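Enquirer: only geometry, no sequence info:
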């Protein structure tokens, strides 16, 4: 299936409310625990999503439209959100995500991209030539990979508690971690 | 981590609103497509969750309290929701999930389970002896395994659209499918 802008925007627009409904005021045992050393909690993931809104998606979309393949994107600082998230509660991070996402989508809609714009090419510092269409599809799938991660991180907290049911529950066997 | 009843209920109470925020009125390309033959779409998964509310979780909890290990649970009919979901829109399935879940949790809270009740044992037809605590933990992780599945099924629709970013997105490599 091709990237389709209205479909992409419909999904991107829903993620903040979905995470809010799932995570706000949920006990810390679900939201602040991770999967072990150097892994993220659900709360950390929301901070990571905020960092992407600030530095990755729309900034890169604008670079493609402005510079094409002549200038590579800034490498994405995968741990940059640690600084930005410091001292913020999960509620604050969720508020921030809703605001940043709404602003980003307003800006995207305001660009009134035509199909030839969507095919414009840019330069990723590691992946080489990419299109704006691929970037927008990745923005949406990036939401989904982190929803997938959040469900896995939370399920991990009850890994032992489910007892013999463990073998039936795929989420407890997932090795589909986003990397590097 | 042990199963903790308030934590379990807090999670179970949020899943319907989270799925509603994610899926309601989302384009069919996200909600009605699956991962290939004999797999489920996001909409099918909501039907499956409804079937579990009707036939699995609270009915089994009551069987443990009533019969202990003397009577095995009815085997879970994994495709039973096909009959119940037929002809229903995703919006109807989401409404149904919210209602069934609220009813189930009202019933659970009404039981005023003490810690000795939570340790009561029942008989699973395939897994053998299980505790009520394990059943309740599994109810919560079952929500998470299907949130995990929904994010994967939706991401699959853009598997090709993301182009070279595919390698960074764990959700596109997930093999943590709930089975059998």
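Expert: Thanks, I have the structure now. Predicted, not measured: the structure shown is a model, and the values here were computed from it. Numbers count the residues shown, from 1 in each chain, chains lettered A, B, ... in the order given.
Enquirer: From the contact counts, what lies against the longest helix seen in chain A?
Expert: The single longest helix within chain A, with elements called by DSSP state H, is helix A:132-156. Here helix A:132-156 touches helix A:5-23, helix A:42-55, helix A:57-67, helix A:115-118, strand A:121-124, helix B:132-156, going by 3 or more CB pairs under 8 Å, 6 or more residues apart in numbering or on different chains; DSSP states H and E. To be clear about C-beta, it is placed using only N, CA and C from the backbone, and glycine gets the same treatment.
Enquirer: Among the ones you listed, show me which one is buried the most.
Expert: Among the helices and strands packed on helix A:132-156, helix B:132-156 has the highest mean neighbour count (mean count of other CB atoms under 10 Å in any protein chain shown), at a mean of 26.
Enquirer: Show the average pLDDT along it.
Expert: Helix B:132-156 shows a mean pLDDT of 98.
Enquirer: how far is stretch A:94-109 from where the chain is centred?
Expert: Taking CA atoms, centre = their mean, to the nearest Å, one finds stretch A:94-109 lying 13 Å from the centre of the chain it belongs to.
Enquirer: Not counting its own residues, what contacts it?
Expert: Here stretch A:94-109 makes contact (CB atoms under 8 Å, 6 or more residues apart in numbering or on different chains) with A:9, A:12-13, A:15-17, A:19-20, A:23-24, A:46, A:49-50, A:53-54, A:57-58, A:61, A:88.
Enquirer: picking up where we left off before, tabulate the helices and strands packed on helix A:132-156 in JSON lines, adding columns for distance to residue B:98.
Expert: Converted to JSON lines, the helices and strands packed on helix A:132-156 look like this (distance: least, CB to CB, whole Å):
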{"stretch": "helix A:5-23", "distance to residue B:98": "11"}
{"stretch": "helix A:42-55", "distance to residue B:98": "22"}
{"stretch": "helix A:57-67", "distance to residue B:98": "32"}
{"stretch": "helix A:115-118", "distance to residue B:98": "37"}
{"stretch": "strand A:121-124", "distance to residue B:98": "42"}
{"stretch": "helix B:132-156", "distance to residue B:98": "13"}
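Enquirer: Of the ones you listed, which is nearest residue A:164?
Expert: helix B:132-156 (7.2 Å; CB to CB).
Enquirer: Compute the inter-axis angle for that closest one and helix A:132-156.
Expert: Relative orientation of helix B:132-156 versus helix A:132-156 (axes from the mean of the first three to the mean of the last three CA atoms, to 10 degrees): 170 degrees.
Enquirer: mind checking how far helix B:132-156 is from the chain centre?
Expert: Distance of helix B:132-156 from the chain centroid (CA atoms, centre = their mean) equals 5 Å.
Enquirer: ok and that helix relative to helix B:42-55, angle-wise?
Expert: 170 degrees.
Enquirer: For the lowest-mean-pLDDT helix or strand in chain A, name the packing helices and strands.
Expert: Counting by mean pLDDT, DSSP states H and E, the weakest-scoring helix or strand in chain A turns out to be helix A:81-85, with a mean of 79. Other helices and strands packing on helix A:81-85, by 3+ CB pairs under 8 Å, 6+ apart, are helix A:42-55.
Enquirer: Please list the residues outside the helix it packs on that contact it.
Expert: Helix A:42-55 has contacts (CB under 8 Å, 6+ apart) with A:15, A:19, A:23, A:30-32, A:34, A:40, A:74, A:76-78, A:80-82, A:84-85, A:88, A:90, A:93-94, A:96-97, A:100-101, A:103-104, A:139, A:142-143, A:146, A:149-150, A:153-154.
Enquirer: returning to that earlier point: between the helices and strands packed on helix A:132-156, which one is nearest to residue B:69?
Expert: helix B:132-156 (11.7 Å).
Enquirer: what inclination does that closest one have with respect to helix B:5-23?
Expert: Here helix B:132-156 points in a direction 20 degrees away from that of helix B:5-23 (the same axes, to 10 degrees).
Enquirer: circling back: show me what counts as buried in the least confident helix or strand of chain A.
Expert: Judged by neighbour count (16 or more other CB atoms under 10 Å in any protein chain shown), helix A:81-85 contains these buried residues: A:81, A:85.
Enquirer: Name the next helix or strand downstream of it, please.
Expert: Counting by DSSP states H and E, the next helix or strand C-terminal to helix A:81-85 is helix A:90-110.
Enquirer: what angle do that next one and helix A:132-156 make?
Expert: Using the same axes, to 10 degrees: helix A:90-110 against helix A:132-156 is 160 degrees.
Enquirer: Now do the buried residues in helix A:90-110.
Expert: Quick answer for helix A:90-110 (16+ other CB under 10 Å): A:90, A:93-94, A:96-97, A:100-101, A:104-105, A:108.
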